[in-house]
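**Q** Return a 3D structure for these sequence lines:
(2 chains)
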Amino acid sequence: MSEDLELRAAAGFVDPVVAAELPGLRLDWVIVEGRVRPSPPEVKRRLEELSDRYRGASVVAMRTKPIPHAYRAFFHQIGLDPDITRIPSEQAALGRLLEGRFSSRDLVRDALLIALVETGVPVWALDADLVHPAGLGIRATVAGDRLGKDTSGPVLAPGRLVVADRRCIHALLFGDVAPRHLPTSRSGRITLFAVAVDGVPAIHVEEALWVCAESLRTA
Amino acid sequence: MDVREHLTSGETVPRSVTSPAVEDGERAARRSLRAQISKLERELAGAFVTAFPMGGLGEPPTARTRQARLLGLGELERVRDDLAERVRVARLTITERADAQAANRVLLERMLLEPEKHRSVRVACSDLGEPGCGAWQVRPRLGVIGMLMGWWQVKLSSGCPLARGRRPPRSRP
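**A** Residues are numbered from 1 along each chain as shown, chains lettered A, B, ... in the order given. As a prediction, this is how the structure comes out:
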């Protein structure tokens, strides 16, 4: 790790009922400086290098590796079929095979992709100004919960697993982020959060957040 | 069921959460089912990798909902049973294809030993579980003359076409 970047990721809360049912589920989050803008050449170059890592055979064998296996098993356990709703690392690999390379989109999305490809652990980004200072966590929805802070957000069925803070729900677990909670070109700070499941070592979660923060900082 | 949501700051906020967790016995059963699901997923992944060079496995069923949520005992049992069925079908597919490949290898050996008894028989490399687009075929030596004289031989085709694409159209002067 770089000596310059000191990253102190916080452990997010996991609702006790959810934690009892899904031991090993964890969310770590951190706030970093950054905003949406075009990626600099270094980040684009890194994406190109990562594109070369994938070959068809390695993507086929990916699901037998420990970290993708952990996410695939977890997806089954929470009612998702990973062959339909793909785990993030397989989705990225499939996109790379179909597109022929990892295309640069913007700095934040590129940084998230680099972290995912490097570690296998998915990272998401939120506009930090919309996140409660007490931090993020995972819980199950209750009747009347909506996605996002607006009352216009879609109502969620009770029992769904979501990423939330004290005030509102920011994202569905392994699903969509509330559109207005995504970082923009006007964001000053970004909240990064990574979700790990049973079988994913904590060091990989820290590494994912660090790689993402480092990519944002490089710019 | 009322639980308290523990935040990183140590504050607690009362929150009502609907959960399928009701009894320790059921919880233990769910834990056991989740372990079985994990094991079956590993077996299915292994079968997927094995079957891929043979043509892959069939499409997965699409009936399941696409919402991440806590599953109850019955739902976990359904997931476990679905996975067990998929593993069974995958193994059956692999066995059938392995048998077919073995039969094709025997056929190829017979073609090589007695080509005149296997006139015009063709076995693709993919049918033998080998990579590439080549094919073994019993063909007459020297065309029609070989056909009339009974001179038969086994030939391996040259393989996949080059990936150059079509030649660009010539520009007219």
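**Q** When you work out contacts or count neighbours from here on, use the C-alpha atoms and nothing else.
**A** OK.
**Q** which ones are touching the residue nearest to B:K117 when sequence neighbours are not counted?
**A** With sequence-adjacent residues excluded and distances taken as CA to CA, 6 or more residues apart in numbering or on different chains, B:K117 is closest to B:M111, at 7.5 Å. By CA atoms under 8 Å, 6 or more residues apart in numbering or on different chains, B:M111 lies in contact with B:117-118, B:121, B:138, B:154.
**Q** In strands only, show me the residues you listed.
**A** Per DSSP state E, strands hold the following members of these: B:138, B:154.
**Q** From the contacts of B:M111, list the buried ones, please.
**A** For the contacts of B:M111, a burial check counting by 16 or more other CA atoms under 10 Å in any protein chain shown picks out B:118, B:138, B:154.
**Q** Just give me the longest helix of chain A.
**A** Identified as the longest helix of chain A according to DSSP state H is helix A:202-218.
**Q** Which strands and helices lie in contact with it?
**A** Here helix A:202-218 touches strand A:26-33, helix A:41-51, helix A:107-119, strand A:123-127, strand A:189-196, going by 3 or more CA pairs under 8 Å, 6 or more residues apart in numbering or on different chains; DSSP states H and E.
**Q** Can you lay out the ones you listed as TSV showing distance to chain B?
**A** Output for those, formatted as TSV (distance: least, CA to the nearest CA, whole Å):
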stretch	distance to chain B
strand A:26-33	11
helix A:41-51	21
helix A:107-119	20
strand A:123-127	17
strand A:189-196	13
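**Q** Would you mind giving these as CSV with mean pLDDT and mean neighbour count added?
**A** Output for these, formatted as CSV (pLDDT from 0 to 100; neighbours: other CA atoms under 10 Å in any protein chain shown):
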stretch, mean pLDDT, mean neighbour count
strand A:26-33, 94, 21
helix A:41-51, 93, 16
helix A:107-119, 95, 23
strand A:123-127, 96, 24
strand A:189-196, 96, 24
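**Q** Secondary structure element holding the residue nearest to B:K117?
**A** Assigned by DSSP states H and E, B:M111 belongs to helix B:73-113.
**Q** Just after that helix, pick out the following helix or strand.
**A** Using DSSP H and E, the first helix or strand after helix B:73-113 is strand B:122-124.
**Q** Return the set of buried residues in the helix or strand bottoming out on mean pLDDT in chain A.
**A** Within chain A, confidence by mean pLDDT, DSSP states H and E is lowest for helix A:56-61 among all helices and strands, at a mean of 87. Counting neighbours by 16+ other CA under 10 Å, one finds that the buried residues in helix A:56-61 are A:59-60.
**Q** next helix or strand past it?
**A** Downstream of helix A:56-61, the first helix or strand assigned by DSSP H and E is helix A:66-77.
**Q** Torsion angles phi and psi at the spatially closest residue to A:G79 that is not a sequence neighbour?
**A** Distances taken as CA to CA, 6+ apart put B:A68 closest to A:G79, at 5.8 Å, once the chain neighbours are dropped. Per-residue torsions, B:A68: phi -80, psi 120 (degrees, to the nearest 10).
**Q** Wondering if the least confident helix or strand of chain A reaches chain B at all.
**A** Yes. Judged by CA under 8 Å from any CA of the partner chain, helix A:56-61 and chain B are in contact via A:60-61.
**Q** and that helix, how far out from the chain's middle?
**A** Centroid separation for helix A:56-61 versus its chain: 23 Å, with CA atoms, centre = their mean, to the nearest Å.
**Q** And the residue of chain A closest to chain B?
**A** Taking CA to the nearest CA, chain B has its nearest neighbour within chain A at A:R160, 4.3 Å off.
**Q** is it fair to say B:E130 lies in a helix?
**A** No. Using DSSP: H, G, I helix; E, B strand; the rest coil, the assignment for B:E130 is coil, not a helix.
**Q** Count residues in the vicinity of it, would you?
**A** Residues lying near B:E130 (other CA atoms under 10 Å in any protein chain shown) number 13.
**Q** State the distance from it to B:R105.
**A** According to CA to CA, to the nearest Å, B:E130 stands 11 Å off from B:R105.
**Q** Please apply the same query to A:I203.
**A** A:I203 sits 49 Å away from B:R105, going by CA to CA.
**Q** which intervals of chain B have sub-threshold pLDDT?
**A** Chain B contains residues with pLDDT under 70 at B:1-23, B:62-65, B:163-169, B:171-173.
**Q** mind giving me the domain ranges of it?
**A** B:1-56+B:75-113, B:114-160 (automatic domain parsing).
**Q** check which helix or strand covers A:V162.
**A** A:V162 is located in strand A:161-164, with elements delineated by DSSP H and E.
**Q** could you dump the following helix or strand past that strand to CSV, C-alpha only?
**A** Downstream of strand A:161-164, the next assigned helix or strand under DSSP H and E is strand A:169-172. The C-alpha trace of strand A:169-172 is given here as CSV (Å, rounded to 0.1, in the frame of the first residue of the first chain):
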residue,chain,number,x,y,z
ILE,A,169,-32.4,3.6,2.2
HIS,A,170,-29.6,4.3,-0.3
ALA,A,171,-29.5,1.1,-2.2
LEU,A,172,-30.8,-2.5,-2.6
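**Q** what stretches of chain A score poorly on pLDDT?
**A** Scanning chain A for pLDDT under 70 picks out the ranges A:1-5, A:219.
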